[in-house]
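K.L.:
After the sequence you'll find the predicted model.
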Amino acid sequence: MRKEVLIGGFGGQGVILSSVILGRAAAVYEGLYSVQTQAYGPQSRGGASKAEVVISDELIDYPKALNPDYAVLLSQQAYEKYLSLVKEGGIVIVEKDLIPNRNEELEKNFRVHAIPFTKLAEESTGLSLTMNILTLGFLVKLTGIVSEEAIEKAVLDSIPKGTEHLNLKALKKGFELGEKALKGEV
């Protein structure tokens with residue numbers, strides 16, 4: 001079982017942190033093998049950012065995502081650059097409000113979930129910055145790539161002290177949205 005996840009967006013959206021949390025959930029709390037890689041533009045905020053997580057029950061011989069099973073695309077630039085890399089039939093999660101120009105023809109090759117994650121994070125926690133954690137909850141619930149318990153522990157290990165309540169609230173909102181998506185309600 002080798003699963004590849006690509007997360008793309010712009011600096012400041014928590015792309016790298018999300019991938020680190022996912023990799024930690026798999027390796028530390030699920031007992032799987034996991035490798036996380038990242039690439040980002042020269043700016044700390046606003047530049048292009050991409051992270052990949054490879055998760056397997058066997059040793060990982062190549063650390064990069066070759067044909068991602070899942071993609072989380074949080075900006076127009078990431079959408080345009082990475083959508084075509086996703087495995088045919090793969091799951092693509094799109095930040096609906098930040099990707100206004102979508103390619104419906106190309107999207108037919110994937111199972112696409114376009115949701116306004118930033119807006120929902122702001123509504124549920126009061127902070128748009130929790131969008132990455134909400135999106136991670138959605139990905140986990142939708143795909144089962146790691147357990148909810150594992151991702152929750154990894155989130156608590158990785159976030160700044162004092163923000164636990166807000167981040168767990170965002171994560172649970174992501175689980176809730178993922179459950180609705182599984183039922184075809186969103």
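P.N.:
Arrived safely, thanks for sending. Model, not experiment: these values are computed from the prediction.
K.L.:
R2: what's its closest spatial neighbour, skipping adjacent residues?
P.N.:
S56 (4.4 Å; C-beta to C-beta, 6 or more residues apart in numbering). Backbone N, C-alpha and C define where each C-beta goes, glycine included.
K.L.:
okay but I60 is in contact with L66, surely?
P.N.:
No. I60 lies out of contact with L66 (C-beta atoms under 8 Å); the separation is 11.5 Å.
K.L.:
what about the protein, any weak spots by pLDDT?
P.N.:
41-47 (pLDDT under 70).
K.L.:
50 instead?
P.N.:
Along the chain, the model assigns pLDDT under 50 to no residue.
K.L.:
Mind naming the longest helix for it?
P.N.:
In the chain, with assignment by DSSP state H, the single longest helix is helix 164-182.
K.L.:
tell me the SS of V54?
P.N.:
strand (DSSP: H, G, I helix; E, B strand; the rest coil).
K.L.:
neighbours around it, how many?
P.N.:
24 (other C-beta atoms under 10 Å).
K.L.:
Between the two ends of stretch 72-81, how far is it?
P.N.:
Stretch 72-81 has an end-to-end distance of 12 Å (C-alpha to C-alpha, to the nearest Å).
K.L.:
Residues in contact with that stretch: which ones?
P.N.:
With contact meaning C-beta atoms under 8 Å, 6 or more residues apart in numbering, stretch 72-81 is reached by 5-10, 13, 15, 18, 48-50, 82-83, 92-95, 98-102, 117, 131-132, 135, 139.
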